[in-house]
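A.B. asks: sequence and computational prediction follow.
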Amino acid sequence: MRQISDILPGDFILHQNYPNPFNGSTKIRFEINKKGTVSIGIFDITGKKLVELVNKQFTSGEYEVDYTSNDNSSGVYFYSLSVDGILMDTKKMIVLK
């Protein structure tokens, strides 16, 4: 996890992971416009949570987290951003092996 910028974004933004599709690892960027507890979860196609990448307090800014999918088979997965327990956005990502 690393902070990319501390400039105050206008809103909560979950960016598309890069690269997508991916094999091995990918980067997920997000922006938050106020201090809060941020949670990023990875889900399979049935909605089952596979892993929680992030669950901690952040100040406003732009951040990036790496995700490695060594245990996941090829397919479609989802990742979601929640702030203070409120779901902000969900995106689709594809694993190709």
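C.D. replies: Okay, I see it.
A.B. asks: helices of the chain, start to end?
C.D. replies: Assignment of helices within the chain using DSSP state H yields no ranges at all.
A.B. asks: so which residues of it form strands?
C.D. replies: Counting by DSSP state E, the chain has these strands, from start to end: 2-5, 13-14, 25-32, 36-43, 49-58, 61-68, 75-83, 86-95.
A.B. asks: using CSV, lay out those strands together with mean pLDDT.
C.D. replies: Putting these into CSV (pLDDT from 0 to 100) gives the following:
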stretch, mean pLDDT
strand 2-5, 68
strand 13-14, 94
strand 25-32, 95
strand 36-43, 96
strand 49-58, 95
strand 61-68, 94
strand 75-83, 96
strand 86-95, 96
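A.B. asks: in JSON lines, list the ones you listed along with mean neighbour count.
C.D. replies: C-beta: built from backbone N, CA, C; applies to glycine. Output for the strands of the chain, formatted as JSON lines (neighbours: other Cβ atoms under 10 Å):
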{"stretch": "strand 2-5", "mean neighbour count": "11"}
{"stretch": "strand 13-14", "mean neighbour count": "17"}
{"stretch": "strand 25-32", "mean neighbour count": "19"}
{"stretch": "strand 36-43", "mean neighbour count": "18"}
{"stretch": "strand 49-58", "mean neighbour count": "13"}
{"stretch": "strand 61-68", "mean neighbour count": "16"}
{"stretch": "strand 75-83", "mean neighbour count": "18"}
{"stretch": "strand 86-95", "mean neighbour count": "15"}
